[in-house]
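1. sequence? don't have it. structure:
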């Protein structure tokens with residue numbers, strides 16, 4: 001079984017044993033990356049409680065990660081956000097303001113500013129990451145064609161500030177590591193030609209040195225669990241969702 005917490009821990013440990021440095025996205029933006037690193041990012045779309053579980057696993061391994069929270073109730077759980085911040089992880093805003101306001105940039109930026117202030121109650125937020133909003137035709141990143149997030153003391157947005165021809169992008173979107181065909185926006189332009197289906201495939205590549213030295217991982221904690229009922233539900237739900245997203249595109 002893939003996407004269990006046991007396998008997730010094995011993945012992190014394999015990177016550590018291979019000499020990779022783990023970074024938050026904020027740390028990367030501040031120039032703290034070495035020659036061999038993993039920027040570990042989590043998009044907390046749903047099931048915020050799962051995020052605290054992965055955050056504790058990372059803490060036990062001495063790893064710091066970035067957790068991007070949405071404003072919806074399933075993600076925005078203040079007590080969980082505080083606990084994750086206490087463990088030393090970075091907290092960021094998983095913004096979707098433009099799609100929420102159906103493309104009205106003026107209303108969206110006002111909303112963005114308000115929500116950013118809310119998340120800064122728990123952590124001095126310095127980075128943001130767009131939510132793909134697969135049910136909307138609007139790309140939330142396009143708001144930055146009219147505004148500049150640096151005016152809000154934000155130092156980075158991964159889809160804008162990373163060169164994915166230099167940093168290999170691994171994402172579990174679609175509950176797989178090769179789910180580009182199901183993704184509406186969680187994908188990047190890259191010249192890297194290595195693809196993986198299962199987490200164990202990634203682990204083997206790490207152990208044999210067949211994976212790039214500079215990596216960003218985008219993992220969704222809702223997908224990772226050792227609870228059999230929760231695992232089965234996520235497996236079935238994601239299969240249905242992938243079919244819808246495939247035809248929706």
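-> Now that the structure is in, tell me what you want to look at. Since the structure is predicted, the reported quantities are computational estimates derived from the model, not experimental observations.
2. what average pLDDT does the top strand by length along the chain get?
-> Once the chain is assigned using DSSP state E, the strand that runs over the most residues is strand 37-44. This predicted structure assigns strand 37-44 an average pLDDT of 98.
3. and it, how far from the chain's centre?
-> For strand 37-44, the gap between its own C-alpha mean and the chain's C-alpha mean amounts to 5 Å (C-alpha atoms, centre = their mean, to the nearest Å).
4. remind me what that strand packs against, helices and strands.
-> Taking 3 or more C-beta pairs under 8 Å, 6 or more residues apart in numbering; DSSP states H and E as the contact definition, the neighbouring helices and strands of strand 37-44 are strand 21-23, helix 25-29, helix 48-60, strand 66-69, strand 214-219. All C-beta atoms are positioned from the backbone trio N, CA, C, and that covers glycine.
5. one more pass at 6 Å, please.
-> Strand 37-44 sits against strand 21-23, helix 25-29, strand 66-69, strand 214-219, with contacts defined as 3 or more C-beta pairs under 6 Å, 6 or more residues apart in numbering; DSSP states H and E.
6. so how many other residues sit close to residue 133?
-> Neighbour count for residue 133, taken as other C-beta atoms under 10 Å: 19.
7. just the pLDDT for it.
-> The predicted local confidence for residue 133 comes out at a pLDDT of 88.
8. low-confidence ranges, the chain, go.
-> In the predicted model of the chain, residues 179, 181-184, 242-249 satisfy pLDDT under 70.
9. ranges for the helices of it?
-> Taking DSSP state H, the helices of the chain run over residues 5-17, 25-29, 48-60, 78-86, 97-100, 105-119, 158-161, 199-208, 228-248.
10. go through these and pick out the most buried.
-> Ranked by average neighbour count under the criterion mean count of other C-beta atoms under 10 Å, these are headed by helix 97-100 at a mean of 24.
11. so which elements touch that one?
-> Other elements packing on helix 97-100 under the criterion 3+ C-beta pairs under 6 Å, 6+ apart are helix 105-119.
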